[in-house]
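Participant: Okay, predicted coordinates and the sequence, questions at the end:
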Amino acid sequence: MMMNSNSDDEEPKMSRLLRLAQKFNCFYLNGLVKGDCRPFVVDGQQVGLISQNVLEQLLKYPEVFCIKDAEQGKQNIVELNPAFRDYTERSQQVDRVLKEFRAEGVFVALKGWRNECYDVKSTTESLLKMDRSATCLFGVRNYGVEINGYVRHPTKGLCIWLQQRSDTKQTWPGKWDNMVSGGLSVGYGIKETAIKEAAEEASIPANLIKNLVSAGCVSFFFESERGLFPNTEFVFDLELPEDFRPDNSDGEVQNFKLLPALECLERCFAPDFKTTSCPVLLDFMIRHGIITPENEVNFTQIVELLHVPLQSLYTYRTSKANGLNNGNGSIKNGRV
C-alpha cells in the first residue's frame, strides 16, 4: 500500500511516509545539529531558541534582551532582562518590542498577528505571554488541540472529515487540514479548547461533543521561513454519525470533505495539505490499523518522529535556576 518490498539483502528504502515525517521534523533532524541557535532564557530557565537573524534584531534592545557569554565562552545565550520580575512586566516589555517589529515589517511571522496570546512556560510555571504569531521567532514550545472527526460508513468504511482553511487565514491559507484544530491560548484548558474550537470551526453540538475521546498527543519540531515550531498537539477522536455535516461559524473554514481513510492519507502528500497537521493524521492512521508494521517499511522511525521529546530538549539552566551553571549552555548531547 505505502511501501516497496525489498529482498533481505537490500537496504530498506525510505518510504514516502518517512520522508513526510522528516519534513515536519526538519528542524529536529537538521537544525539542531547545526548549533547556530542560542538558548532563550527567562528567569534562569531555557524556554526557547533564538536563530541568528532574530538575534540581530534583538541586539537593538539591550534593555530588554541580554546577550551573555556562557562559561568558558562555549556559547552565548539570550536572556530576558532578569530585572523584569514578574509575568506582567515581562509580558509588557516583550510585547512592546514585538509591536515595534510588527510596525517596521521586520519579520514575516508578525504579519499573522492574532491579538491572541500563548503562555511561555518553564517546566513548572508560566513566565510571560506573547502574541501567538511571535512564538516561532523565539522557538517557544506551542501547544494545541486537534480533533479527528470520523465516520464508520456502511459502504465506504472508515472515513475522515477534513476542513479546508479559509483563504483569509494568516497562516496556511487555503490548505486542507484536520476537521478541528486550535492553539492553547492563555486562560484556556486543553479539553475546554477542544470543545470551544469544535463549536466555532465545525458547529458540533453538545450531544455529539460529549463523545470526545482523548487519544494522547503528538510532538514534532518544524522550521519554515516564519521561524521555529516545537509543537505538541493534544489529540482527540470523535466518532460522528453518517448524517452529520460540519458547518463553520467563525469564518476560518471554507469547506469540509468526508473522505475514505486511504484517500485522506494520500492527501498528506499533496502540496495543498497543511504540513504541520500531517502528524495528527498519521497518528490516527496508526492507531486505527491503516498504517502497520506489515505495510510500512519505516514504521518504527515514523512512530518515533510523531513523538519527539520536546520536553527534554531545552536544558540550559543558569545558577539562579538550579544553583549550578552547566558550563556549556547547550542542549543535551551537544546538539546545540
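Facilitator: Perfect, I can see it now.
Participant: May I have the beta-bridge partners of R38?
Facilitator: I50 (DSSP bridges).
Participant: Now do it, the pLDDT please.
Facilitator: Looking at R38, its pLDDT is 94.
Participant: how much space between it and N148?
Facilitator: 37 Å (Cβ to Cβ, to the nearest Å). Just so you know, the C-beta spots here come from the backbone N, C-alpha and C atoms, and that holds for glycine as well.
Participant: can you check K23 too?
Facilitator: Relative to N148, K23 is positioned 21 Å away (Cβ to Cβ).
Participant: So which of those two has more stuff around it?
Facilitator: Taking other Cβ atoms under 10 Å, K23 and N148 do not tie; N148 has more neighbours (24 against 16).
Participant: Backbone dihedrals for that one, both of them.
Facilitator: Main-chain dihedrals, N148, degrees, to the nearest 10: phi -90, psi 110.
Participant: i'd like the first residue to be 17 from this point on
Facilitator: Done: numbering now begins at 17, and the last item shifts to N164.
Participant: Tell me where the stretch 217-352 of the chain has helices.
Facilitator: Secondary structure of the stretch 217-352 of the chain by DSSP state H, counting those that start in this stretch: the helices cover 222-225, 277-283, 294-303, 315-321, 335-338.
Participant: can you redo those as CSV with mean pLDDT, distance to E72 and mean neighbour count?
Facilitator: CSV is the format used below for those (pLDDT from 0 to 100; distance: least, Cβ to Cβ, whole Å; neighbours: other Cβ atoms under 10 Å):
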stretch, mean pLDDT, distance to E72, mean neighbour count
helix 222-225, 97, 46, 12
helix 277-283, 97, 39, 18
helix 294-303, 98, 32, 23
helix 315-321, 98, 31, 18
helix 335-338, 60, 26, 13
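Participant: and of the ones you listed, who's closest to L144?
Facilitator: helix 335-338 (15.7 Å; Cβ to Cβ).
Participant: any weak-confidence spans in this protein?
Facilitator: Flagging of the chain using pLDDT under 70 yields the residue ranges 17-28, 86-91, 335-352.
Participant: Looking at it, which helix is longest?
Facilitator: Longest helix of the chain, by residue count under DSSP state H: helix 103-120.
Participant: for the next helix or strand after it, packing partners?
Facilitator: Using DSSP states H and E, the helix or strand that follows helix 103-120 in sequence is strand 133-137. On a contact count with 3 or more Cβ pairs under 8 Å, 6 or more residues apart in numbering; DSSP states H and E, strand 133-137 meets strand 61-66, strand 142-147.
Participant: looking at those strands, which is closest to L274?
Facilitator: Of all the helices and strands packed on strand 133-137, strand 142-147 sits nearest to L274, with 34.6 Å by Cβ to Cβ.
Participant: What strands flank the closest one, and is each parallel or antiparallel?
Facilitator: Taking DSSP bridges as the criterion, strand 142-147 pairs within the sheet with strand 133-137 (antiparallel).
Participant: who does W192 bridge with?
Facilitator: Here W192 sits in beta bridges with Q180, F289, going by DSSP bridges.
Participant: mind listing what it touches?
Facilitator: Applying Cβ atoms under 8 Å, 6 or more residues apart in numbering to W192 gives the contacts 178-181, 273, 283, 286, 288-290.
Participant: Among the residues you listed, which one is most surrounded by other residues?
Facilitator: In terms of neighbour count, Q179 stands highest of those at 25 neighbours, by other Cβ under 10 Å.
Participant: just checking, that one touches V196?
Facilitator: Yes. Using Cβ atoms under 8 Å, Q179 is in contact with V196, at 7.4 Å.
Participant: and for the two, which residues touch both?
Facilitator: Common neighbours of Q179 and V196, using Cβ under 8 Å, 6+ apart, are 217-218.
Participant: Contacts only, for the spatially most central residue of the chain.
Facilitator: In the chain, the residue lying closest to the centroid (Cα atoms, centre = their mean) is N247, at 2.4 Å. By Cβ under 8 Å, 6+ apart, the residues touching N247 are 157-160, 235-238, 292.
Participant: and what of G267?
Facilitator: So G267 contacts 182, 184 (Cβ under 8 Å, 6+ apart).
Participant: Count the neighbours of the closest residue to Q317 other than its chain neighbours for me.
Facilitator: Take Q317 and drop its neighbours on the chain: the residue closest to it by Cβ to Cβ, 6 or more residues apart in numbering is L34, 5.6 Å away. Using other Cβ under 10 Å, L34 is surrounded by 21 other residues.
Participant: L34 - that's part of a strand, no?
Facilitator: No. Using DSSP: H, G, I helix; E, B strand; the rest coil, the assignment for L34 is helix, not a strand.
Participant: Please tell me how far it sits from L45.
Facilitator: Distance, L34 to L45, by Cβ to Cβ: 11 Å.
Participant: what's the answer for R157, then?
Facilitator: 18 Å.
Participant: Distance to H304 added to the contacts of W192, as CSV?
Facilitator: Below are the contacts of W192 laid out as CSV (distance: Cβ to Cβ, whole Å):
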residue, distance to H304
L178, 16
Q179, 19
Q180, 23
R181, 24
K273, 19
R283, 16
A286, 21
D288, 24
F289, 19
K290, 21
